[in-house]
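>>> Build me a structure from this.
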Amino acid sequence: MSYYQHHAFICCNQRPDGETCCNALGASELMAYAKDKVAAAKRNGPGQVRINKAGCLGRCDNGPVMVIYPEETWYTFLDRSDIDEIVEEHLLHGRIVERLKI
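Numbers count the residues shown, from 1 in each chain. Model (predicted):
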């Protein structure tokens, strides 16, 4: 059994010299927002949901990106409404958000 029901890794990598990267597209702010949303739902911690910052996940052209385990589901997101949908649907209710899946 997995230690977390859902474990989300959000790329917050910052590349030099203006190269395409997730952090330049607001990933760190949106990661903090996702963590706050999960905590507000009282679903963070062992046996529930964990949001982690990740280095480069190798999908910069789709960024910002996250991957959720154990489902191995990859998402792209642009703003808080996308994060709201991923948190509500996938992390809290186990339903994959097809429109944001990559």
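>>> Show me what the lengthiest helix in the chain is packed against.
Longest helix in the chain, counting residues (DSSP state H): helix 27-40. Under the contact criterion of 3 or more Cβ pairs under 8 Å, 6 or more residues apart in numbering; DSSP states H and E, helix 27-40 touches strand 6-11, strand 49-54, helix 80-85. For the C-beta atoms, the positions are set from N, CA and C on the backbone; glycine is no exception.
>>> And that helix, what's buried?
27, 28, 30, 31, 33, 34, 35, 37, 38 (16 or more other Cβ atoms under 10 Å).
>>> Find the nearest non-adjacent residue to the fourth one, please.
Leaving out its chain neighbours, the residue that sits closest to residue 31 by Cβ to Cβ, 6 or more residues apart in numbering is residue 10, at 4.3 Å.
>>> Would you confirm that the one you found contacts residue 56?
No. Using Cβ atoms under 8 Å as the test, residue 10 is too far from residue 56 to be in contact (11.7 Å).
>>> List the residues that are in contact with both of those two.
Applying Cβ atoms under 8 Å, 6 or more residues apart in numbering, one finds that residue 10 and residue 56 are jointly contacted by residue 22.
>>> With neighbour numbers in mind, choose between those two.
Comparing residue 10 with residue 56 by other Cβ atoms under 10 Å, the one with more neighbours is residue 10, at 26 against 16.
>>> For the more buried one, which residues are in contact?
Applying Cβ under 8 Å, 6+ apart, the residues near residue 10 are 22, 27, 30, 31, 34, 51, 52, 53, 54, 64, 65, 66.
>>> Can you list the low-confidence ranges for the chain?
1 (pLDDT under 70).
>>> Please report how far the residue lying farthest from the centre of it lies from residue 52.
Residue farthest from the centre of the chain, counting by Cα atoms, centre = their mean, is residue 17 at 24.7 Å. Between residue 17 and residue 52 the computed distance is 27 Å (Cβ to Cβ, to the nearest Å).
>>> Kindly report the same for residue 99.
Residue 99 is 24 Å from residue 52, by Cβ to Cβ.
>>> So for those two, which residue has more residues nearby?
Shown here are residue 99 and residue 52; by other Cβ under 10 Å, residue 52 has more neighbours (13 against 9).
>>> Sweet, I'm off.
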